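Undergrad: Using only what follows, build the 3D model:
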Amino acid sequence: MNTNVYKIGLGLAIALLICLFPMPYGYYQFVRFIATAIFAYFSFCFFKENKEGLGFLFAALTILFQPFIKVALGRTMWNIVDVIVAVLLIVMFVKDHDKREPSL
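TA: Numbers count the residues shown, from 1 in each chain. Take a look at the predicted model:
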């Protein structure tokens, strides 16, 4: 995947971390829609690159975050999931950024 895709993931990580604060319900719904689209695209890209493990991970996240049949985890559990997924996205961004840095 190209660097711009990872930047989108970084933006999603920030949006997920904002979910830790009291926000209007519409914000959480918006984040779920955006996360579903981004995770589905990530899954597609990783399967295309023959990285099945990451492909299945993001497919599972797509199902978890999809807004149509809601998974009732409770606020505390959703906060934990949001932080874990945000950290994963940040780590992926940093690893991609480090890989693309020119070495001296």
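Undergrad: Can you check the pLDDT for residue 2?
TA: Looking at residue 2, its pLDDT is 66.
Undergrad: now do residue 74
TA: In this model, residue 74 is scored at 86, pLDDT.
Undergrad: The one 10 residues further on too?
TA: Residue 84 carries a pLDDT value of 94.
Undergrad: residues contacting it?
TA: Under the criterion of CB atoms under 8 Å, 6 or more residues apart in numbering, the contact list for residue 84 is empty. Backbone N, C-alpha and C define where each C-beta goes, glycine included.
Undergrad: Which parts of the longest helix along the chain count as buried, going by neighbours?
TA: In the chain, with assignment by DSSP state H, the single longest helix is helix 75-100. By neighbour count on 16 or more other CB atoms under 10 Å, the buried set for helix 75-100 is 78, 81-82, 85-86, 88-90, 92-93, 96.
Undergrad: just stretch 26-42 next, same as before
TA: Across stretch 26-42, burial judged by 16+ other CB under 10 Å covers 31-32, 34-36, 38-42.
Undergrad: could you redo the buried residues of helix 75-100 as a markdown table and give each row distance to residue 15?
TA: Shown next, in a markdown table, are the buried residues of helix 75-100 (distance: CB to CB, whole Å):
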| residue | distance to residue 15 |
| --- | --- |
| 78 | 13 |
| 81 | 14 |
| 82 | 9 |
| 85 | 11 |
| 86 | 9 |
| 88 | 14 |
| 89 | 10 |
| 90 | 12 |
| 92 | 15 |
| 93 | 14 |
| 96 | 19 |
